[in-house]
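Enquirer: below are the sequence and a predicted model; questions follow.
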Amino acid sequence: MEIDSFLEQQCELQAKQHEAKRAGGVDVTIVSPAAPLLLRDVPGLSLSARDWSRLAKLIPQSACMDIPCTSTVDSTSSTAAVAAAAAAAGDPQAYITTVSLFRFLRLKLVPEYVSTAITHWALGLRPAVLLTRIPSARRMLDLQCSGQRGVTAFTRLEDLQRVYKDHYPPYQQRNSVEFLMHDLQHMEQLAHPWYYAEQVGFCSLMRDAIDNAMLLGWKHNAQLPPGSDAKLAQDVMLDGGQLSASSGSYAKNAQDAILTVDPLSASCGAVSANTLDAAFFDDVDHAISDMNACCVHLLSFVKAKLLLAFKRRALATAGGSPARDEDAQLPADFIGSDVDLSVDSSRDFDACYAMLLDSVWRLPTDMRAACVRLCTDSFRPLEDGSIIRRFCHDRGCQVLGVPYPFLE
């Protein structure tokens, strides 16, 4: 697997940034904990001499040397000297690591992005943070604002045996391995050379929006909802607010425990009775924790979901039921999407969106105009898309303190 030249440059820039953070007393670790593990040291793995011979033909010893590896053998023992001599003699058991399998082989049922993520993480080219519990949406947002992405690898037996159901459409279910692969996929999407800095810029915008929730009339309740069991409350307090996997439906419980939202009753500047439903805050949580893509798509998603929230409010006022029906697998997106906003509701949406653009994000004229045209027929994909991407990219570079090149 060839290492992209952009990623090498990215690694050098990040290394300087991490050194500056370490000098300031901040602990930063970007190397995968799997990198040092020799394949022969994997518990329960047994390979025949023929298997090792085949691996030696597929995995060149010289290419394994750029990822540091250690053994379970004490480096000061006489056995270590024997192991070093075996490596020098070309014994594959002495140099083939777990990472080299993902780097040089295609493993059955393992998507290519997983192999790429693990290899680049081991090489120090992925800004991943290893977690053993599911983080809250806000924790993931804060990580991404620093240019990092949380990757959850469960370690407790009960967590490894559990199936995790997402509360957000399309309500996917994953076992512990699929959950890890899903997180690695998101890490690859965040680290994409074209979109890395601009995604950091988008997350910075969303953090400002959430931190100014009361200004927008958005209210977040940090208290546990009525009826939450004590075990969930204890788990939330572990690992700096990460949510224990023992709670079952992962995203739903993370949102309930950390970012529970009461229906809004506060006014939003000129907005009167700006009451939005819980589905909108599910959308916000999804955008800040489970979406990694071009910032044009991300901002379009947020605007569209805000508009749909006002449409559902109009439907509820007219006597409809805007609630999301999980059992029927009917997402709120399809409820009220064909409802036309009244003059008052349209004015409320415009005022709320304008406050977000002007009072919270304080966008320059060209960026503001492009955001206004988002999700409309007047949006110009090339011109407006370039304006939005450039703005978010520059903001991301400013947040990270690293001048990443802008790629179109």
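Expert: Looks like it arrived, so ask away.

Enquirer: what are the boundaries of the helices in the stretch 301-408 of the chain?
Expert: Taking DSSP state H, counting those that start in this stretch as the test, the helices found in the stretch 301-408 of the chain are 343-355, 365-373, 381-400.

Enquirer: model confidence over the shortest one, on average?
Expert: Right, the one you point to is helix 365-373. For helix 365-373, mean pLDDT rounds to 98.

Enquirer: i'd like the first residue to be 22 from this point on
Expert: Got it, the first residue is 22 from now on, which makes the last one we talked about helix 386-394.

Enquirer: so for that helix, what gets flagged as buried?
Expert: For helix 386-394, the neighbour count (16 or more other C-beta atoms under 10 Å) marks M388, R389, A391, C392, V393, R394 as buried. For glycine as for every other residue, the C-beta is placed from the backbone atoms N, C-alpha and C.

Enquirer: now do stretch 126-142: distance from first to last residue.
Expert: 17 Å (C-alpha to C-alpha, to the nearest Å).

Enquirer: do the same with stretch 122-142
Expert: In stretch 122-142, first residue to last residue: 14 Å (C-alpha to C-alpha).

Enquirer: what average pLDDT does it get?
Expert: 90.

Enquirer: can you point out the buried residues in that stretch?
Expert: Applying 16+ other C-beta under 10 Å to stretch 122-142 flags L122, F123, R124, F125, V135, S136, T137, A138, I139, T140, H141, W142 as buried.

Enquirer: next, the last one: phi, psi?
Expert: Dihedral angles of W142 (phi, psi; degrees, to the nearest 10) stand at phi -60, psi -40.

Enquirer: check contacts around W73.
Expert: Listed by C-beta atoms under 8 Å, 6 or more residues apart in numbering, the contact partners of W73 are P113, Q114, I117.

Enquirer: pLDDT value on the first one, please?
Expert: The predicted local distance difference test score for P113 is 88.

Enquirer: next: K42.
Expert: K42 carries a pLDDT value of 53.

Enquirer: hmm, back to that, switch the buried residues of helix 386-394 over to CSV; also include distance to D306.
Expert: Below are the buried residues of helix 386-394 laid out as CSV (distance: C-beta to C-beta, whole Å):
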residue, distance to D306
M388, 25
R389, 26
A391, 25
C392, 21
V393, 25
R394, 26
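
Enquirer: make sure G168 is actually in contact with V221.
Expert: Yes. At 5.3 Å, G168 counts as touching V221 under the criterion of C-beta atoms under 8 Å.

Enquirer: those two: who's more crowded?
Expert: Each of G168 and V221 has its neighbours counted (other C-beta atoms under 10 Å); V221 has more, 27 against 22.

Enquirer: distance of Q169 from L152?
Expert: The gap separating Q169 from L152 is 11 Å, by C-beta to C-beta, to the nearest Å.

Enquirer: give me the common contacts of the two.
Expert: With C-beta under 8 Å, 6+ apart as the test, Q169 and L152 reach no residue in common.

Enquirer: for stretch 369-385, which positions count as buried?
Expert: With the criterion 16+ other C-beta under 10 Å, stretch 369-385 contains buried residues D369, F370, A372, C373, Y374, M376, L377, L378, V381, W382, L384.

Enquirer: from the residues you listed, pick the one nearest D311.
Expert: L377 (21.1 Å; C-beta to C-beta).

Enquirer: the closest one touches A230, doesn't it?
Expert: Yes. At 6.2 Å, L377 counts as touching A230 under the criterion of C-beta under 8 Å.

Enquirer: circling back to that earlier point, now the buried residues of stretch 369-385 in JSON lines, with distance to H203?
Expert: Listed next are the buried residues of stretch 369-385 as JSON lines, based on distance: C-beta to C-beta, whole Å:
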{"residue": "D369", "distance to H203": "37"}
{"residue": "F370", "distance to H203": "33"}
{"residue": "A372", "distance to H203": "38"}
{"residue": "C373", "distance to H203": "33"}
{"residue": "Y374", "distance to H203": "31"}
{"residue": "M376", "distance to H203": "35"}
{"residue": "L377", "distance to H203": "30"}
{"residue": "L378", "distance to H203": "32"}
{"residue": "V381", "distance to H203": "31"}
{"residue": "W382", "distance to H203": "30"}
{"residue": "L384", "distance to H203": "33"}
